[in-house]
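Visitor: only geometry, no sequence info:
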C-alpha cells in the first residue's frame, strides 16, 4: 500500500513584491546573480526585510514564512528511505501560497542547502526540473483540498499538538488500515494549521506534549509506517529480493 505524505503550508516562497526593493533583498539577489523576484525568501538572510514585511502585511503571520530549510530537511529524511525506494510513498510539498510540488520518488535531492535553494528557484521559474524529459520535480497552482482530491484520498490525518494524544506507532498502525491515507506534516516553523487546512483533515493526532520539528515527525512516521506494513522485516529477511531503485 502507498502512503501520501504532504508537507502542508510550507514556508517556501519567492520574495514577495512588497520587499523586492528592500536593500537587503537587492544585495542578496545581486550576489546570487538573479532578480529579486527570482530568489527564495529566507529568514536566515532576509531578517530585516521580513520585519518590514510584517509591518506591511496584517493578514498573515510573517514569522511563519521564509524557511526553505524546513522543506529541505524533511525531504532528505523521507526520500532516502526504504518506504520510498519500494514505491510505497508519495511525497508532495504544499506551500502557503497554494503551490504544490510533485516529487518523483527517484529524485536525488542535493544535500547541500545552497544547491537545494538554487534547484527550487529554478523550479519556481520554470514549473519543472529538469527543463526537458521526465520531470523529477513539478510545480503547479493547487490548493490543499484540490491536492487531496487529486490523490483520490478520503481520509486525511494530521499531526499537531492540538490533536488527540496517541503514540506514533499506534498512528502508523491505524494508517495502515486506511485506504490511500494522506498524512499532513506542517512545513512552517511555529503555530498551527490554518482553518482552511483543518477542514480537509479527518483526524488530528498529538504524538508528544511538545512541538517537534517537521523532519522529526515525518522521518519517524515513515519509519513506523514501514514497520506497520511489514516492510522493515521483509527487507531484512529477503534482501536479495529487494533492490534500491
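Guide: Good, I have the coordinates. Note that the structure is predicted; figures quoted are calculated from it, not measured.
Visitor: next SSE after whichever strand or helix holds residue 117?
Guide: Assessed by DSSP states H and E, residue 117 sits inside helix 113-126. Using DSSP H and E, the helix or strand that directly follows helix 113-126 along the chain is strand 128-129.
Visitor: In its sheet, which strands sit next to that next one, and in what direction?
Guide: Partners of strand 128-129 in the sheet, by DSSP bridges, are strand 137-141 (antiparallel).
Visitor: Quick check: buried residues in the strand it pairs with?
Guide: 137, 139 (16 or more other Cβ atoms under 10 Å). In short, each C-beta sits where N, CA and C put it, glycine included.
Visitor: Contacts for the helix holding residue 117, please.
Guide: 12, 14, 34, 38-40, 42, 68-69, 71-72, 101, 109-110, 129, 137-139 (Cβ atoms under 8 Å, 6 or more residues apart in numbering).
Visitor: mind redoing it with 6 Å?
Guide: When contacts are defined by Cβ atoms under 6 Å, 6 or more residues apart in numbering, helix 113-126 is touched by residues 14, 40, 68, 72, 110, 129, 137, 139.
Visitor: Run the angle between that helix and strand 137-141 for me.
Guide: 50 degrees (axes from the mean of the first three to the mean of the last three Cα atoms, to 10 degrees).
Visitor: Pull out the buried members of the contacts of helix 113-126.
Guide: Judged by 16+ other Cβ under 10 Å, buried ones among those: 14, 40, 68, 72, 129, 137, 139.
Visitor: Dump the residues you listed to TSV, plus pLDDT and distance to residue 115.
Guide: Output for the buried ones among the contacts of helix 113-126, formatted as TSV (pLDDT from 0 to 100; distance: Cβ to Cβ, whole Å):
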residue	pLDDT	distance to residue 115
14	98	17
40	98	13
68	98	12
72	98	10
129	97	12
137	98	13
139	98	18
